[in-house]
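J.: give me coordinates for this.
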Amino acid sequence: MGGIKVYIPDELERKFREAAMKLFGYGKGSLSTASEKAFAAWLSQVSQVLDIAETIEDPVEAIYGLLSDVKKTGVELQHEAREIRARRTLEYRDAT
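T.: Just a heads-up that it's a prediction; the model follows:
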């Protein structure tokens with residue numbers, strides 16, 4: 001049996017412990033059972049993504065043509081992206 005030490009935010013830890021104990025009891029092993037189920041659920045989600053990623057032999061070929069309907073040049077898209085980032089930065093600064 002392996003062991004993993006992880007660091008998570010305090011609030012997430014509190015909620016996880018609370019849910020694990022409500023579901024699996026307040027005895028020894030409830031956190032391990034809940035952790036095992038959480039890891040298994042996460043792995044089943046990412047395994048689908050990983051399977052797709054492994055089947056792609058050439059990533060450039062995989063995305064080739066995805067932007068064919070965009071009628072802007074690469075330089076125009078870069079300028080637009082820069083403007084969007086600047087606007088979002090200013091909005092964030094104003095909000096804080």
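J.: next, the buried residues of the lengthiest helix in the chain.
T.: When the chain is parsed with DSSP state H, its longest helix is helix 30-55. Within helix 30-55, the residues that qualify as buried are Ser30, Ala34, counting by 16 or more other Cβ atoms under 10 Å. No exception for glycine: its C-beta is placed from N, CA and C like everyone else's.
J.: packing partners of it?
T.: Contacts defined by 3 or more Cβ pairs under 8 Å, 6 or more residues apart in numbering; DSSP states H and E place helix 30-55 against helix 10-24.
J.: which elements pack onto the helix it packs on?
T.: Partner elements for helix 10-24 (3+ Cβ pairs under 8 Å, 6+ apart): helix 30-55.
J.: domain-wise, how is the protein divided?
T.: 1-57, 65-96 (automatic domain parsing).
J.: mean pLDDT added to those domains, as a markdown table?
T.: As requested, the domains of the chain are arranged in a markdown table below (pLDDT from 0 to 100):
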| stretch | mean pLDDT |
| --- | --- |
| domain 1-57 | 89 |
| domain 65-96 | 90 |
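J.: Lys72: which element?
T.: Counting by DSSP states H and E, no helix or strand carries Lys72.
J.: that one and Ala81 touch, don't they?
T.: No. In this structure Lys72 lies outside contact range of Ala81 using Cβ atoms under 8 Å: 10.8 Å.
J.: what about Val6, distance to Ile84?
T.: Distance, Val6 to Ile84, by Cβ to Cβ, to the nearest Å: 35 Å.
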